[in-house]
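[1] based on what follows, work out the 3D shape:
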Amino acid sequence: YRAFLIDELNTSPEKMACSIEIQAAFILSSFVTFFVGLLILFIFRLIWRTIKKWQNIKGTGIILELLLRKSTGNKHLKSLHFHGVFRNRIEMLLSAQTFVGQVLMILVFVLSIGSLIIYFINSSDCSSYQDKTIPIDLTFNVFFSFYFGLRFVAADDKIKFWLEMNSIVDIFTIPPTFISYYLKSNWLGLRFLRALRLLELPQILQILQAIRTSSSVKFSKLLSIVLSTWFTAAGFIHLVSISSNSQVFLILFANYVPEMVEIFANKRKYTSPYEVVKGKKFIVVCGNITVDSVTAFLRNFLRHKSGQINIEIVFLGEVPPSLELETLFKCYMAYTTFVSGSALKWEDLRRVAVESAEACLIIANPLCSDSHAEDTSNIMRVLSIKNYNPNTRVIIQILQSHNKVFLPKIPSWNWTTGDNIICFAELKLGFMAQGCLVPGLCTFLTTLFIEQNKKVFPKQPWQKHFLNGLKNKILTQRLSDDFAGMSFPEVSRLCFVKMGLMLIAIEHRSLFHGCCGLMLNPPAEVKLRKNTLGFFIAESSKEVIRAAFYCAKCHGDVFIPELIGKCNCKTKIQRHFPGNCTLYLVALSPASRVPQMFSANSPFSLLRAFLYEPEPGCDQLDDSGMFHWCRAIALDRVILKRMDKSKHEFRNHVVACVFGDAHSTLMGLRNFVIPLRASSYTRQELKDIVFIGSLDYLKREWVFLRNFPQIYILPGSALFPEDLRAANIEECSMCTVLSSSSKALSSPALVDTDTIMATLNIGSLRVICAPHIPEEPWTSECFTGFPEKPKFRRIPILTELKNPSNIHYIEQLSGLDESFSGTNLHLSTSFSTGTVFSGSFLDSLLATAFYNYHVLELLQMLVTGGISSQLEHFLDKSFCGLTHSCTSVVSGRARCKLGLLSLNQTILSDIEPRKTFGQVFCGSLDNFGILCLGLYRMIDEEENNPEEKRGVCYLGKFVITRPPNNFKLLPSDLVFCAIPYGTSCYKMDGTSSQIPPLYKGSSYVKSDFQITSKFLV
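    As a prediction, this is how the structure comes out:
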């Protein structure tokens, strides 16, 4: 380099002057571009603000009138629409949320590194233009210019964009390249600034999923800072050729000044207010803002509108984001903005413009050690938001059900505007209860609300059927007005046959009070009205929209679903406008089968009856008519003792294993009991519930359980076989293991320790099946085979896991050698057979409640026994002066219940033909009003089942959600159905009966046959 300087000094003055002029041309090109561009942007902003200010003062002037004229107005609106769509497309492209966007970002990074390498190759200040690397670098910079233009168009604040680091790098490196082409000369200049692109290394690695942990993110960021600082400082030193002392100062400056600038920039970045852009929607998310919660939320929220930027997400965090969280926000920069602040402070709410937000979503931490404190803090956030702006829509996650009663008491809380509560305990325990009532139903309902994006290659035919069922979801669509006046069975059958759609429920608007009710499989007496909202089980919205396009005139003879589209008769599709419509559950009288909803005092008064003195022959129900009720029972009357087993010979009961102590947080067992005591079941159908757990814990829960009948407590633990035998577990219909309250543990894998050990203990038990035992609908295969050789069966079990990754600990209990690869719970054999459940997917309901709160209402109605949040709040209001007869009360319980029916042992055997699912669907709907939803099929893999080889009867059946219309049935298939109240389903001695022999309650006494069961450990 010194030799080069000596040669330069020995050159002629003309050549030296030329060199100085060339350097000036290169440098001035960048500086002129930067300052002139900045000046132009400032002038345009000043002019724009002046025009806006003038319009506000003078009103609509001549210019605005010209824009609003009919001749030019349409063109102006179209141009604005095109500009907005074009900008959204570019933002989507630059956000790296699509494959093309990811390729573009990676390509820019790689080409920047390539340009930096070319800089290293060129060692002279003014090398020959014939250098082969010059055209390559020129090509790179042409691409950089294109990328710069895209970023400029997509930027909301042009001046802020012009002053960004990447923009400055482009401005000081791209123009000199074109100057070199014009002057036919080359100069290194400021091309070393391309090294600053190395700061994007963590984001690139995260896009490629090469780094996942916070330590790896931190290491990659430190490495990028070191490399970029090193190369940039070296390039600057090489440019100015200063002394060694200055080099030391420059190195210190390059290392510490960027850190100070970053601290100042971050503070400014996270405390500056969110700028509301007119016409652009956004939501505010607060509460538990962590890497895991934000990742889960973005995954669930963005999948609803994949590939579109319709709503921006503003996260309001009480602490600055961690390095890993900050990198995550950069990956989703087109969607997200982070503002540091608290929802408890009005000043921070003003900075995020809560009053202009579409909604405010509050995320809870389900793994916290103190659920009550978590709930109260989130309730205070709601109170602060509602006090700041009463009209803001709020959707909140609550952990404990007894805490949600405080929210509707807030004066500005309004269900009709979309305010909603997602209670984890209520939904989680409701799912578990439904799995106890109907085997496999827990998995069936869960599959309708989970998203499976992982590519899986099934090894067995049954796995293919299960995976196909996972594609179906609950979707809503306004029905065509041509369905008005038709009954629900007629419309459901037409949708199924003509469009390939399964319509399961509707939103029925009453003639009085403007109230709306969600009705699952309503009877033929209920007629559809115009603009009715339908609930479908389907794979995509493209399918359900056929129900809106249907035209009786144009599509009457069409039986190919793909041909049903928008016709000339349909000018527009009915859209959903919630308005002032209160959702509730419609009660139907079993005698008249018509809505019985209103009285002179209240639209819900028919559902309220004081049953403390019921009439003879009536089931005793609570004051809502929704659940079986009894007088408060003393705790000592329900405590069971091991020595008195002969006094409580339970049959077909539910055994619930609970873990907790005197200091544990209450899980809310009331939410587990309520679905099991739903009034849609008769008193004879109720199953005894035996809780096994610590007496100190169950004493605290008993306050909320003492008014439900047929509940018993057995002090003990599911970890001891003696306690399980005392509960007569060998004769239970289902044994469920409920997870314990969260504790501060070192590893997430340990949160399910007690649950896993209890599951292994129960799973090791074997029961001898005598061949002369009568058959149950879903265990009949246990009694087939050779009569001289008895078989063994396992205890039916349903286990709850808090950590889904712990599924591999109990997956071995499935009894099959072949299972899905990986540790995904929803792809496990245990989940497909309905023996395991995890509430981790409940996080996705936050996005569901925002986009379509009707789906959340339907889920709550299905899981909790038929009661919505709005109705529950109404029933909590105490009032008097109403009395009802027993007949009125029965009308409150007449709603559909979910059940499992056999093709051969129930009234479904009267359907002919019944070779395909479509035939059974139409036949059951036409003849009995029963709506078929899915199948529960036996896994017939005896050669792959080691349990069969050891003589153990494997009772595994897997769930098939919404099979295709032409899906062929097997004689052993069971059908998930929505059964109308009072329908006789089971055959007995040539007649129909409501329930089979073993379902006549726990008071069942052995008669002509004997049940032989023994324990083998």
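[2] quick one: the strands in the stretch 451-600 of the chain?
    473-478, 502-509, 516-520, 533-538, 583-585 (DSSP state E, counting those that start in this stretch).
[3] likewise for the stretch 751-900 of the chain?
    Going by DSSP E, counting those that start in this stretch, the stretch 751-900 of the chain shows strands at 766-769, 791-794, 797-800, 836-837, 897-902.
[4] want to try CSV for the strands of the stretch 451-600 of the chain, with distance to Tyr809 and mean pLDDT as columns?
    All C-beta spots, glycine's among them, are computed from the backbone N, C-alpha and C. Below are the strands of the stretch 451-600 of the chain laid out as CSV (distance: least, CB to CB, whole Å; pLDDT from 0 to 100):
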stretch, distance to Tyr809, mean pLDDT
strand 473-478, 29, 92
strand 502-509, 35, 87
strand 516-520, 36, 80
strand 533-538, 32, 93
strand 583-585, 39, 42
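[5] JSON lines please, covering those and showing mean neighbour count and distance to Ser664.
    Converted to JSON lines, the strands of the stretch 451-600 of the chain look like this (neighbours: other CB atoms under 10 Å; distance: least, CB to CB, whole Å):
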{"stretch": "strand 473-478", "mean neighbour count": "21", "distance to Ser664": "34"}
{"stretch": "strand 502-509", "mean neighbour count": "23", "distance to Ser664": "38"}
{"stretch": "strand 516-520", "mean neighbour count": "23", "distance to Ser664": "35"}
{"stretch": "strand 533-538", "mean neighbour count": "23", "distance to Ser664": "38"}
{"stretch": "strand 583-585", "mean neighbour count": "24", "distance to Ser664": "33"}
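[6] got those strands as CSV, with distance to Ile396 columns?
    As requested, these are exported to CSV (distance: least, CB to CB, whole Å):
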stretch, distance to Ile396
strand 473-478, 22
strand 502-509, 23
strand 516-520, 21
strand 533-538, 24
strand 583-585, 18
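[7] next, the buried residues of stretch 34-44.
    34, 37, 41 (16 or more other CB atoms under 10 Å).
[8] contacts only, for the second one.
    It refers to Gly37. Taking CB atoms under 8 Å, 6 or more residues apart in numbering, we find Gly37 in contact with 162, 171.
[9] correct me if wrong, but it is in a helix.
    Yes. Counting by DSSP: H, G, I helix; E, B strand; the rest coil, Gly37 is located in a helix.
[10] how near is it to Ser733?
    Distance, Gly37 to Ser733, using CB to CB, to the nearest Å: 75 Å.
[11] got any ranges where the stretch 901-1017 of the chain has weak pLDDT?
    940-955, 987-1017 (pLDDT under 70).
[12] that one: strands as residue ranges?
    931-938, 952-953, 957-961, 974-979, 986-988, 991-993, 1015-1016.
[13] ok, the stretch 301-450 of the chain next?
    311-317, 336-340, 360-363, 394-398, 420-423.
[14] now render those strands as TSV, adding distance to Met757.
    Shown next, in TSV, are the strands of the stretch 301-450 of the chain (distance: least, CB to CB, whole Å):
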stretch	distance to Met757
strand 311-317	38
strand 336-340	41
strand 360-363	31
strand 394-398	30
strand 420-423	28
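[15] nearest to Tyr986, of those strands?
    strand 420-423 (34.6 Å; CB to CB).
[16] burial of the nearest residue to Tyr335 once chain neighbours are set aside, as a residue count?
    Nearest residue to Tyr335, sequence neighbours excluded (CB to CB, 6 or more residues apart in numbering): Ile313, at 5.5 Å. Residues contacting Ile313 under the criterion other CB atoms under 10 Å number 20.
[17] equivalent analysis for Phe928, please.
    Counted with other CB under 10 Å, Phe928 comes out at 21.
[18] can you check the one 3 residues further on too?
    Burial of Leu931, expressed as a neighbour count using other CB under 10 Å, amounts to 26.
[19] surely Leu969 touches Gly918?
    No. Between Leu969 and Gly918 no contact is recorded; they are 9.9 Å apart, counting by CB atoms under 8 Å.
[20] hang on, the earlier thing: export the strands of the stretch 301-450 of the chain as TSV, with columns for distance to Pro522 and mean pLDDT.
    Output for those, formatted as TSV (distance: least, CB to CB, whole Å; pLDDT from 0 to 100):
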stretch	distance to Pro522	mean pLDDT
strand 311-317	34	91
strand 336-340	42	90
strand 360-363	33	95
strand 394-398	28	94
strand 420-423	24	92
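[21] can you tell me which of those strands comes nearest to Leu163?
    strand 336-340 (18.2 Å).
[22] how far out from the middle of the chain is the closest one?
    22 Å (CA atoms, centre = their mean, to the nearest Å).
[23] could you dump that strand to PDB, C-alpha only?
    Taking Å, rounded to 0.1, in the frame of the first residue of the first chain, the C-alpha atoms of strand 336-340 are listed here in PDB:
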ATOM      1  CA  THR A 336     -46.400  -6.100  14.200                       C
ATOM      2  CA  THR A 337     -45.400  -3.100  16.200                       C
ATOM      3  CA  PHE A 338     -44.100  -3.200  19.700                       C
ATOM      4  CA  VAL A 339     -44.800  -0.300  22.200                       C
ATOM      5  CA  SER A 340     -43.400  -0.400  25.700                       C
END
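[24] other SSEs contacting that strand?
    Strand 336-340 sits against helix 244-271, strand 311-317, helix 323-331, with contacts defined as 3 or more CB pairs under 8 Å, 6 or more residues apart in numbering; DSSP states H and E.
[25] after the first one, heading C-terminal, what element do we hit next?
    Read that as helix 244-271. Going down the chain from helix 244-271, the next helix or strand is strand 281-287, by DSSP states H and E.
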